[in-house]
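Enquirer: turn this into a model:
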Amino acid sequence: MKALTKIENLIFRIGALLMVAGAATWIVGGWISNAIFVVGVVMFVTMQLRASYEGNDFVVVRLRRQQLFGAAALVVSAVAMTAQTLGYNLLQHNEWVVCMLIGAVLQLYTAIRIPQALKLSLFLLFPMPFLVGCSDHYMVNGSTSVHGMEGKMLYLKVFENQKLKDIDSCCVTHGKFSFKGYSDSTMMVNLFWGNQSLMPVVLEGEKIEMKIDEVAQIATGGPLNDSLYSFIKRKTQIDNQMADLPRKEGRMVMDGMEHDEVMARLSDEARRLSIESDQLVSGFIKQNYNNVLGPGVFMIMTSEFAYPVLTPQIEELIIGAPSYFLEHPYIKEYLRVARENMDKLQQQ
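Expert: Numbering: from 1, shown residues only. This next block holds a predicted model:
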């Protein structure tokens, strides 16, 4: 299966938009609109020809032929439009419009049917010409200094249908590993080593670099990953300060401070750190209500609970949250079960 690169995708989209603009303004735009339409057709068809299906599935092969026939109809419509604009009436009236509509219908039909024929196991880059969409190619390169990971399998898993689903895997060789594939949308996944979740990462059509050692894990590449790991870095700093409180208690006692005074100071600091942590998490989720980071961090936050419950922090988050966040399958199911659990606790 050969799919288009990111730059080719962009050319494909621009071509589709130029076709729409040229056809929509042809009556008033004359030769300028004609030129825009022709350029759009050339870009669109050229990029579509660069995509290919190398399998032998009869249905997909037939649909691919129909798609190419639709591309040919768009080329014919461009030629006929140009001839009419220049005064060479190859056809009687505006029959080029019929050719264009035939091509558009075939493009639309095959853009829907090809992924269905493949049972969504592969994401072909055959977008609709007037409602353009595409698959994103992802590439994840990683390195690790953890000795026990050498020769072991790593997995990328995504939450789907209320469970974790493997979407890719690879083996660690000489401290290196890599994932390559296609995703129909930006998604937040987790890197697993066996049953152990190592770190989250966002597949957002960018080249991603991952580094794993005994101290920390980090992923870079793309604005969402940069935002996520900036948040994780600050959250880790707060957690480390919280974990350091027992050591501070011992040092303060050894310095001769009264135990009651030590506990009062540390209680205030623990309360401050707890509030700061909650505000950091809540603020980050709210800032990312409408992308994958919001639901993703919510899943991480609630995974620490023994069972779904409604805390004041969660109740604050769901007040005024947009439908993208509330309709996420995990969040929707979590809230349903949490409300049932809270009702049971109140009854008891």
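
Enquirer: and the gap between the closest residue to Q67 other than its chain neighbours and G40?
Expert: Leaving aside its sequence neighbours, Q67 sits nearest to T110 (CB to CB, 6 or more residues apart in numbering; 4.0 Å). Glycine gets a C-beta too; all of them are placed from N, C-alpha and C. T110 sits 19 Å away from G40, going by CB to CB, to the nearest Å.

Enquirer: coming back round to it: element containing the residue nearest to Q67?
Expert: Following DSSP states H and E, one finds T110 within helix 95-117.

Enquirer: from E8, how far out is V41?
Expert: V41 is 16 Å from E8, by CB to CB.

Enquirer: higher neighbour count, these two?
Expert: V41 (27 against 18; other CB atoms under 10 Å).

Enquirer: OK, contacts around the more buried one?
Expert: By CB atoms under 8 Å, 6 or more residues apart in numbering, the contact list for V41 reads G15, M19, L74, V75, S77, A78.

Enquirer: what about those residues, which one has the most neighbours?
Expert: M19 (28 neighbours).

Enquirer: my guess is it contacts L74. True?
Expert: Yes: the criterion here is CB atoms under 8 Å, and M19 meets it with L74 at 7.3 Å.

Enquirer: give me the phi and psi for the residue nearest to L191 when sequence neighbours are not counted.
Expert: Nearest residue to L191, sequence neighbours excluded (CB to CB, 6+ apart): L198, at 4.7 Å. The phi/psi pair for L198 (degrees, to the nearest 10) reads phi -90, psi -40.

Enquirer: could you list the domains of the protein?
Expert: 6-117, 136-218, 225-347 (automatic domain parsing).

Enquirer: what about L74, which SS state?
Expert: helix (DSSP: H, G, I helix; E, B strand; the rest coil).

Enquirer: and it, how far from A104?
Expert: 8 Å.

Enquirer: what segments of the stretch 51-200 of the chain are helices?
Expert: 58-85, 95-117 (DSSP state H, counting those that start in this stretch).

Enquirer: who's Q217 bridged to?
Expert: Beta-bridge partners for Q217, by DSSP bridges, are I212.

Enquirer: that one is in contact with K211, isn't it?
Expert: Yes: with contact defined as CB under 8 Å, Q217 reaches K211; the gap is 7.0 Å.

Enquirer: tell me which of the two has more neighbours.
Expert: Q217 (18 against 15).

Enquirer: give me the below-cutoff pLDDT ranges for this structure.
Expert: 1-6, 26-29, 52-59, 88-94, 114-136, 162 (pLDDT under 70).

Enquirer: switch the cut-off to 50
Expert: Residue ranges of the chain with pLDDT under 50: 1, 119-135.

Enquirer: where along it do the strands fall?
Expert: Ranges of strands in the chain, per DSSP state E, are 136-144, 153-160, 163-171, 176-183, 187-193, 196-203, 207-212, 217-220.

Enquirer: against M257, how distant is G194?
Expert: For G194, the distance to M257 - CB to CB - is 46 Å.

Enquirer: quick revisit: pull out the buried residues from the helix holding T110.
Expert: 95-96, 99-100, 102-104, 106-107, 110-111, 113-115, 117 (16 or more other CB atoms under 10 Å).

Enquirer: please enumerate the helices of the stretch 201-348 of the chain.
Expert: Under DSSP H, counting those that start in this stretch, the stretch 201-348 of the chain gives helices at 223-243, 245-254, 259-287, 293-302, 312-318, 323-326, 329-347.

Enquirer: now M199. Nearest residue, chain neighbours left out?
Expert: Using CB to CB, 6+ apart, the closest residue to M199 is Q217 (4.1 Å).

Enquirer: how about the contacts made by that neighbour?
Expert: L198, M199, M210, K211.

Enquirer: now these in TSV, with distance to H328?
Expert: As requested, these are arranged in TSV below (distance: CB to CB, whole Å):
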residue	distance to H328
L198	23
M199	21
M210	25
K211	29
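
Enquirer: ok, L317 - contacts?
Expert: Contacts of L317 by CB under 8 Å, 6+ apart are S282, I285, K286, F298.

Enquirer: leaving out sequence neighbours, find the closest residue to the second one.
Expert: In this case it means I285. That would be G294: by CB to CB, 6+ apart, it lies 5.0 Å from I285.

Enquirer: wait, that neighbour sits on S282?
Expert: No: counting by CB under 8 Å, G294 does not reach S282; the two are 10.8 Å apart.

Enquirer: who has more neighbours, these two?
Expert: Counted by other CB under 10 Å, G294 and S282 do not tie: G294 has more neighbours, with 23 against 16.

Enquirer: need the contact list for the more buried one.
Expert: I285, K286, Q287, N288, Y324, F325.

Enquirer: and the two most separated of these?
Expert: Q287 and Y324 (13.4 Å; CB to CB).

Enquirer: quick one on the thing from earlier: got a winner among the contacts of Q217 for most neighbours?
Expert: M210 (23 neighbours).

Enquirer: wait, that one touches M139, no?
Expert: No: using CB under 8 Å, M210 is not in contact with M139, being 11.2 Å away.

Enquirer: circling back: what's the residue nearest to L191 in contact with, if anything?
Expert: Contacts of L198 (CB under 8 Å, 6+ apart): L154, N190, L191, F192, I212, Q217.
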